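**Student:** make a model of this:
(2 chains)
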Amino acid sequence: MTIPDPNEVKHLLSVFAERPTEVLSETATLERRERATSQIHSILREPRPIQAVLFLRRRWLETSTALALAAGLALFIGHRVAAEKQVLPVASYRTLESTGQVSCSNTDRSGFSRCSPATQIAIFGIRTEADAHLTIETQIGVRLALSPSSTLLLPNGNQALGKSHVALDAGKVDVLVPKLGPARQFQVVTPNATVTVHGTAFSVTVTRSASNFEANRVAEGKPSTCVDLREGVISVESAGQVQHLNAPAQWGCGTPNSERAVMPAGVQSAPVGVTDGASTAPTVTGASNPSLVPTEAAKRRSTLAEETRLLQTALVAERSGNRLGAEKNLRALLSTYPNSVVAPDARAALERLSQLPNRRK
Amino acid sequence: MALAVKTQDLVNNDPAVSADRKTDASILLGLEQRESWAAEALFTRLESVVERSLYRVLQQRGADFEDLVQITFERIVRTLVEHRFSAQCSLSTWASAIATNVAIDSVRAKMRERRVFGGEPVELADRDASAKQSGTERVETRAEIARLQQVLASMNPAQAEAVYLHDVLGHDLAEIAELSGTTVAAAQSRLVRGRKDFLRRAKKVSLGGQTS
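**Tutor:** Next up is the predicted model:
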């Protein structure tokens, strides 16, 4: 940008030099004075505008600019906050049972500090110390029982989303998944496997030390995963391969697990172990692979089939008008398996039956 | 506050004191308190300033000159009662700037009228203004003034005001900033851009050759 020559401008504008003006007649001067002072008086008689209005009117450009900037800033901050919320790796849960020392992280896997899990409502990860047990329930009703020395990450900010997952970094978690909708999945992700379920009970164990029971197969420090399926059906994906397991079954477990996580009362555990070596194909046992011999733990009878049978029998009796038979089966189901995943259905059926007229009894 | 009056100025609030002896602060205080004498004092203080400033831009006393005087006084009083005058300069300087704006606005309005309705060019400099010049010289001067008035009127008003206040009336940037209600940096920017635009427009209307 060229700078204009000030002297050239001044020279051009010199034609506006001050010149003597014509002297007005006395009459004209008086007339001008009268008009002007009258006008000034009329202005002074006007009601005084409010100072704030004056300020806004005087500074309308600055005010509107400031308002626009403020609005833009608010939008930007709101967008950033919304974006932060969207990616914020925290999840809500409620604590069902807790013993021993627990650490929590609200930011990342390195930010763990001692916490009282009962007071935590949004969290990224949770870690149990050597003497601690913790049972929590996520927003979609998945119950997670952490064994001692376990680290569980809940990276899915909204556990109510269709595809929820938790990540087991180390240790063992016992999982009880309620009936999920058709479009819903729940996954437990380990360093070398992903377990996908729709409604079942199982446990997942990650072992990192080479001195574990698979030491002869696992490289130093490499994680191994053992999936212990007690009820329902799950699929395990590892090294690009997907395997479906029907309870009772294990995946990747060399020997049965010796320790059990604390689960809510009534939850039946029938541990079936699966251990995955990092460089070896996983060992699969159980109903998913009839050719393989089930372990002792896998031979324990699953209760899900019995629970379902009782519920179905009751529902058939209800439809056929056999109210007594229906109630009998439902009460048997609830008394034997009070925490069954089908217990809510049983209670709802009982409620329906209690509202029926007595003549149908 | 701009209208704050020092103790020694309070004597000036006496209506008996002639308008010539009143200070700016006492006149402002009188206006703030809606005193009747303040209108007279303000007019007495500023009449000659307003007239000279208008005449300097217009270079003639046209039919609407008296109306422009009244418009200027109305603007001055409104800026004062609305506290837009922060007393960083004298009342005379403030009034001079307002009168200049009124004059440039007037030229701009006349240009607009001519564009819309056609008609004769704006009457130029006062006959008496260049009494010592020959007839040819007077005509040339009038034509030059008319073209420069058009240049100023066609410019961005803020830039035209900055150029006029600085290069004609001799105000510095701080005063221009105060008179324009802006910052010194903005006033400097207006001045530089205004000068550039002024020269471009002036050369466009064939004034460049006359100045070289």
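**Student:** confidence score at residue 123?
**Tutor:** Reading this off chain A. On the pLDDT scale, A:Ile123 is placed at 69.
**Student:** that answer is for a different chain, and I need it for chain B
**Tutor:** Looking at B:Glu123, its pLDDT reads 48.
**Student:** again with the one 10 residues further on
**Tutor:** Predicted confidence (pLDDT) for B:Gln133: 56.
**Student:** what of B:Ile71?
**Tutor:** 93.
**Student:** from chain A, how far out is the residue nearest to it when sequence neighbours are not counted?
**Tutor:** Nearest in space to B:Ile71, with sequence neighbours left out and distances taken as C-beta to C-beta, 6 or more residues apart in numbering or on different chains, is B:Val102 at 5.5 Å. C-beta here means a position set from N, CA and C on the backbone, and glycine is covered the same way. Applying C-beta to the nearest C-beta, to the nearest Å, the value for B:Val102 to chain A is 13 Å.
**Student:** how many residues are close by B:Val102?
**Tutor:** Residues lying near B:Val102 (other C-beta atoms under 10 Å in any protein chain shown) number 24.
**Student:** the helices in the stretch 51-200 of chain A, which residues?
**Tutor:** Using DSSP state H, counting those that start in this stretch, the helices assigned to the stretch 51-200 of chain A run over residues A:51-58, A:60-87.
**Student:** and these, which one is worst for confidence?
**Tutor:** Among those, helix A:51-58 scores lowest, at a mean of 64.
**Student:** does stretch B:190-206 come close to chain A?
**Tutor:** Yes. On the criterion C-beta under 8 Å from any C-beta of the partner chain, stretch B:190-206 is in touch with chain A at B:192, B:195-196, B:198-199, B:202.
**Student:** in that stretch, what counts as buried?
**Tutor:** Under the neighbour-count criterion of 16 or more other C-beta atoms under 10 Å in any protein chain shown, stretch B:190-206 has B:190-199, B:201-202 buried.
**Student:** go ahead and confirm A:Ala239 touches A:Pro191.
**Tutor:** No. Using C-beta atoms under 8 Å, A:Ala239 is not in contact with A:Pro191; the gap is 12.0 Å.
**Student:** what residues of stretch B:165-175 count as buried?
**Tutor:** For stretch B:165-175, by 16+ other C-beta under 10 Å, it's B:165-169, B:171, B:173, B:175.
**Student:** of those, list those near chain A.
**Tutor:** Among those, chain A is touched by B:167-168 when using C-beta under 8 Å from any C-beta.
**Student:** check the buried residues of stretch B:165-175 and tell me the two furthest apart.
**Tutor:** Spanning the widest gap among the buried residues of stretch B:165-175 are B:Val168 and B:Leu173, at 14.8 Å by C-beta to C-beta.
**Student:** how many residues are close by B:Phe85?
**Tutor:** With other C-beta under 10 Å as criterion, B:Phe85 counts 22.
**Student:** what are the ranges of the strands in the stretch 51-200 of chain A?
**Tutor:** A:91-99, A:102-105, A:113-115, A:122-123, A:125-128, A:133-138, A:143-146, A:151-153, A:163-176, A:185-190, A:193-197 (DSSP state E, counting those that start in this stretch).
**Student:** re the thing from before, higher neighbour count, A:Ala239 and A:Pro191?
**Tutor:** Neighbours per residue (other C-beta under 10 Å) separate A:Ala239 from A:Pro191, with A:Pro191 holding more: 16 against 12.
**Student:** near chain B, which residues of the stretch 1-150 of chain A?
**Tutor:** A:1-6, A:8-13, A:15-19, A:21-22, A:28, A:32-33, A:35-37, A:39-41, A:43-45, A:48-49, A:54, A:57-58.
**Student:** restricted to helices, list the residues you listed.
**Tutor:** A:6, A:8-13, A:28, A:32-33, A:35-37, A:39-41, A:43-45, A:54, A:57-58 (DSSP state H).
**Student:** and the buried ones among those residues, selectable in PyMOL?
**Tutor:** Restricted to buried positions by 16+ other C-beta under 10 Å, the PyMOL selection for those reads:
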select buried, chain A and resi 8+9+12+13+32+35+36+37+39+40+43+44
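**Student:** any chance of the buried residues of stretch B:190-206 in TSV, with secondary structure too?
**Tutor:** Formatted as TSV, these follow (DSSP: H, G, I helix; E, B strand; the rest coil):
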residue	secondary structure
B:Arg190	helix
B:Leu191	helix
B:Val192	helix
B:Arg193	helix
B:Gly194	helix
B:Arg195	helix
B:Lys196	helix
B:Asp197	helix
B:Phe198	helix
B:Leu199	helix
B:Arg201	helix
B:Ala202	helix
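**Student:** looking at the residues you listed, which has the smallest pLDDT value?
**Tutor:** The weakest per-residue confidence within the buried residues of stretch B:190-206 falls on B:Ala202 (86).
**Student:** now that one. Nearest residue, chain neighbours left out?
**Tutor:** Closest residue to B:Ala202 apart from its sequence neighbours, by C-beta to C-beta, 6+ apart: B:Val151 at 5.3 Å.
**Student:** and that neighbour, what does it touch?
**Tutor:** B:198, B:201-202, B:205, B:207 (C-beta atoms under 8 Å, 6 or more residues apart in numbering or on different chains).
**Student:** now A:Ser113
**Tutor:** A:Ser113 touches A:103-105, counting by C-beta under 8 Å, 6+ apart.
**Student:** for it, give its distance to A:Thr135.
**Tutor:** For A:Ser113, the distance to A:Thr135 equals 21 Å [C-beta to C-beta, to the nearest Å].
**Student:** pLDDT-wise, which helix or strand of chain B ranks last?
**Tutor:** Ranking every helix and strand in chain B by mean pLDDT, DSSP states H and E puts helix B:208-211 at the bottom, with a mean of 43.
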